[in-house]
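K.L.:
could you look at this predicted model? Sequence included:
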Amino acid sequence: MSKKEIKSVDYGLEKIFEGAQDFLPLLGTDYIEFYVGNAKQAAHFYKTAFGFQSHAYRGLETGSKDSVSYVLTQDKIKLVLTTPLNSTSPINDHIVKHGDGVKVIALWVEDARKAYEETTSRGAKSYMEPTVMSDEQGEVVRAGIYTYGETVHLFVERKNYKGTFLPGFQKWESAYNPPSAGLKYIDHMVGNVGWNQMDIWVKWYEDVMGFENFLSFDDKQIHTEYSALMSKVMSNGNGRIKFPINEPAKAAKRSQIEEYLDFYEGAGVQHIAVATDDIIKTVSQLKANGVEFLSTPPAAYYKSVPGRLQEFSHELGEDIEKLMALGIMIDADEEGYLLQIFTKPIEDRPTLFFEVIQRMGARGFGAGNFKALFESIEREQAKRGTL
Ligand code: FE2
């Protein structure tokens, strides 16, 4: 991305946050729920590999006969892993079609009924009408709407609840408690949608959710020798929720977005970016735990980093040799820089992956790294025979 473009982006942010519509105030991400084939094993993976902590549980022992859910936390991040307990559960259909993947992006709100009314009256398709769950610790109100593919947003109102996670869950006491990896909160979550669908979903987030499009990248900016994609970043008014939306673009070979759509069999969540404030420590730990990351960019990439930072008069606070040894990438804009790295897909289907990000002032998404990143993904696609 050129310096000039970043200026307009920076300027745009202030404008947008002033003008953002507040009919849907969002306090933050509440939780992310995955539908998976074997939640017990997935929970072990997220604890062992990513440093998540046991938090809450619902299953046969708590009276849940159809499905089992494990809730894991790390600082502000909450993941829910859900598996059906019989063949009649509709959750099976999701898993058969998509493999393991994100079903629910739950958003924390003050008033779930109002959030549901505001969004459905603006054209959102209902997933779940406002529903009250209660136990002796109080009550939680949830309501839901569909977004792209079979993915849903649930609005969660928990101001009258003091219990662990949600009514129906019990505290998950485990003797196995690996240390945290320093992951703090969800920075952004990216959705992949089909050909010519990006602008439709951009408009949907604007009209239905009151979000603003504050950054756009076209296929001239995001391409390599072989493949291309387009991306637009949507943000809510207070900037806590950021959803970039990607669609594939025509190029000589198959875009990674197309590969995702083929294997996920439709639109869905492509990656979850989690923030840390010490990426060297976090990534060292994740690697030691067996998390697999995309290959390190070539040495020439790291030679160009000081120049990129100088262009914006930023000084790198980290040891560049350490960043290179771990394969962590660096991008800069006028406000600061960011450090980021991407895992390989975390399922056998090449679909969902994670990003670890440390922001040192920059509010972008690593556009300066797109080329190096995509070349790395293409090397993996070539191995899979899907490029
Ligand atoms: Fe990202």
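P.N.:
Nice, thanks for sending it over. Numbering: from 1, shown residues only.
K.L.:
return stretch 188-207 as PDB; C-alpha atoms alone will do.
P.N.:
C-alpha atoms of stretch 188-207 as PDB (Å, rounded to 0.1, in the frame of the first residue of the first chain):
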ATOM      1  CA  HIS A 188     -10.800  -9.200  13.700                       C
ATOM      2  CA  MET A 189     -12.600 -12.000  12.000                       C
ATOM      3  CA  VAL A 190     -12.500 -12.500   8.300                       C
ATOM      4  CA  GLY A 191     -15.300 -13.900   6.100                       C
ATOM      5  CA  ASN A 192     -14.800 -15.500   2.700                       C
ATOM      6  CA  VAL A 193     -17.800 -15.100   0.300                       C
ATOM      7  CA  GLY A 194     -18.300 -16.200  -3.300                       C
ATOM      8  CA  TRP A 195     -17.700 -14.500  -6.600                       C
ATOM      9  CA  ASN A 196     -19.300 -11.000  -6.900                       C
ATOM     10  CA  GLN A 197     -20.700 -11.400  -3.300                       C
ATOM     11  CA  MET A 198     -18.400  -9.000  -1.400                       C
ATOM     12  CA  ASP A 199     -20.200  -5.800  -2.200                       C
ATOM     13  CA  ILE A 200     -23.500  -7.500  -1.400                       C
ATOM     14  CA  TRP A 201     -22.300  -8.300   2.100                       C
ATOM     15  CA  VAL A 202     -20.600  -4.900   2.500                       C
ATOM     16  CA  LYS A 203     -24.000  -3.400   1.900                       C
ATOM     17  CA  TRP A 204     -25.600  -5.900   4.200                       C
ATOM     18  CA  TYR A 205     -23.300  -4.900   7.100                       C
ATOM     19  CA  GLU A 206     -23.900  -1.200   6.300                       C
ATOM     20  CA  ASP A 207     -27.700  -1.500   6.100                       C
END
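K.L.:
in it, what counts as buried?
P.N.:
For stretch 188-207, the neighbour count (16 or more other Cβ atoms under 10 Å) marks 188-194, 197-198, 201-202, 204-205 as buried. Any C-beta I mention is one placed from the backbone N, CA and C, and that applies to glycine too.
K.L.:
and Gly28, how many neighbours?
P.N.:
14 (other Cβ atoms under 10 Å).
K.L.:
against Val140, how distant is it?
P.N.:
16 Å (Cβ to Cβ, to the nearest Å).
K.L.:
same question for Phe34.
P.N.:
Distance from Phe34 to Val140, by Cβ to Cβ: 20 Å.
K.L.:
related to what we said a few turns ago, need the max-distance pair from the buried residues of stretch 188-207.
P.N.:
Using Cβ to Cβ, the two most remote members of the buried residues of stretch 188-207 are His188 and Gly194, lying 20.7 Å apart.
K.L.:
and this protein, which residues reach the ion?
P.N.:
273, 355 (Cβ under 5 Å from the ion).
K.L.:
domain assignment for the chain?
P.N.:
3-20+182-384, 28-171 (automatic domain parsing).
K.L.:
mind checking how far the first one is from the chain centre?
P.N.:
So the one you mean is domain 3-20+182-384. Here the centre of domain 3-20+182-384 is set off from its chain's centre by 10 Å, with Cα atoms, centre = their mean, to the nearest Å.
K.L.:
likewise for stretch 26-41?
P.N.:
Relative to the centre of its chain, stretch 26-41 is centred 11 Å away, using Cα atoms, centre = their mean.
K.L.:
export that stretch as CSV, just CAs?
P.N.:
Taking Å, rounded to 0.1, in the frame of the first residue of the first chain, the C-alpha atoms of stretch 26-41 are listed here in CSV:
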residue,chain,number,x,y,z
LEU,A,26,-21.9,-3.6,20.4
LEU,A,27,-19.8,-4.0,23.5
GLY,A,28,-17.5,-6.5,22.0
THR,A,29,-17.2,-10.1,20.8
ASP,A,30,-18.9,-12.4,23.3
TYR,A,31,-17.8,-15.8,22.0
ILE,A,32,-17.1,-17.8,18.9
GLU,A,33,-18.8,-21.2,18.6
PHE,A,34,-17.4,-23.9,16.4
TYR,A,35,-19.3,-27.0,15.3
VAL,A,36,-16.8,-29.8,15.3
GLY,A,37,-16.7,-33.6,14.9
ASN,A,38,-15.2,-34.3,18.3
ALA,A,39,-15.4,-31.4,20.8
LYS,A,40,-13.5,-33.4,23.5
GLN,A,41,-10.5,-33.8,21.3
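K.L.:
got the buried residues for it?
P.N.:
26-27, 29-36, 39.
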